[in-house]
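Asks: would you be able to build a 3D model of this:
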Amino acid sequence: MFWTIRWIIHLEEDQKPLELLIHGAKDQRTIGDIFQGLSVDRTLNVVQKEQLEGLLAGKKADAFSFTLLLDPAHRHQTGLTVALSASLTLRGCLARKLIVEYPTVSVRSNAPVPQTKPDFDIVLQDRTTRDDEDSRSAKCSQ
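Replies: Numbering: from 1, shown residues only. Below you'll find the model as predicted:
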């Protein structure tokens, strides 16, 4: 059986997610294999291919986390999602799930987000010390 899958691929933090609607995914293939093959899909434009190739460069499917969105229209506040394993077949991932139109899979890199050091210093001052100084200066001015 072949499926159409909507992919929401989260790139960098400051970039809008890449949304793709890809047709013809075989249900015997694993989620990881299907995802790895997205960059060669003929329906992608040049920018989408470059974004995917940059994201996939030298990475295996287990470097990403996959989530099946059961309510992609966000009608429910609970955020109905199911974590998927890259090694599961599409058929296994979708078994016993109600899918309307086509499944939606969200993809995020498992790479840790680099911690940046702030480019400013935070100076904390004891409030009681400052109050004492203020009261002393007020007395001196009187």
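
Asks: helices of the chain, residue ranges please.
Replies: According to DSSP state H, the chain carries its helices in the segments 31-36, 46-56, 90-94, 127-141.

Asks: now do the contacts for the residue nearest to Glu53 when sequence neighbours are not counted.
Replies: Counting by CB to CB, 6 or more residues apart in numbering, Ser39 is the residue found nearest to Glu53 once chain neighbours are left out, at 5.1 Å. Every residue, glycine included, has its C-beta placed from N, CA and C. Listed by CB atoms under 8 Å, 6 or more residues apart in numbering, the contact set of Ser39 reads 49, 52-53, 56.

Asks: going by neighbour count, which of the residues you listed comes out on top?
Replies: Greatest neighbour count in the contacts of Ser39, by other CB atoms under 10 Å, goes to Leu52: 22 neighbours.

Asks: give me the nearest residue to that one, chain neighbours excluded.
Replies: Distances taken as CB to CB, 6+ apart put Ser39 closest to Leu52, at 4.1 Å, once the chain neighbours are dropped.

Asks: what does Leu98 give?
Replies: Per CB to CB, 6+ apart, closest to Leu98 is Leu70, 7.6 Å.

Asks: where does the one you found fall, phi/psi-wise?
Replies: phi -80, psi -10 (degrees, to the nearest 10).

Asks: could you number the chain from 502 rather than 1 from now on?
Replies: Okay, using 502 as the starting number, the last item reads as Leu571.

Asks: surely it touches Cys594?
Replies: No - between Leu571 and Cys594 there is no contact under CB atoms under 8 Å: 11.6 Å.

Asks: and for these two, which residues touch both?
Replies: Residues touching both Leu571 and Cys594 (CB under 8 Å, 6+ apart): Val583.

Asks: measure Asp534 to Arg507 for me?
Replies: Asp534 sits 18 Å away from Arg507, going by CB to CB, to the nearest Å.

Asks: what do you get for Pro604?
Replies: For Pro604 relative to Arg507 (CB to CB), the value is 7 Å.
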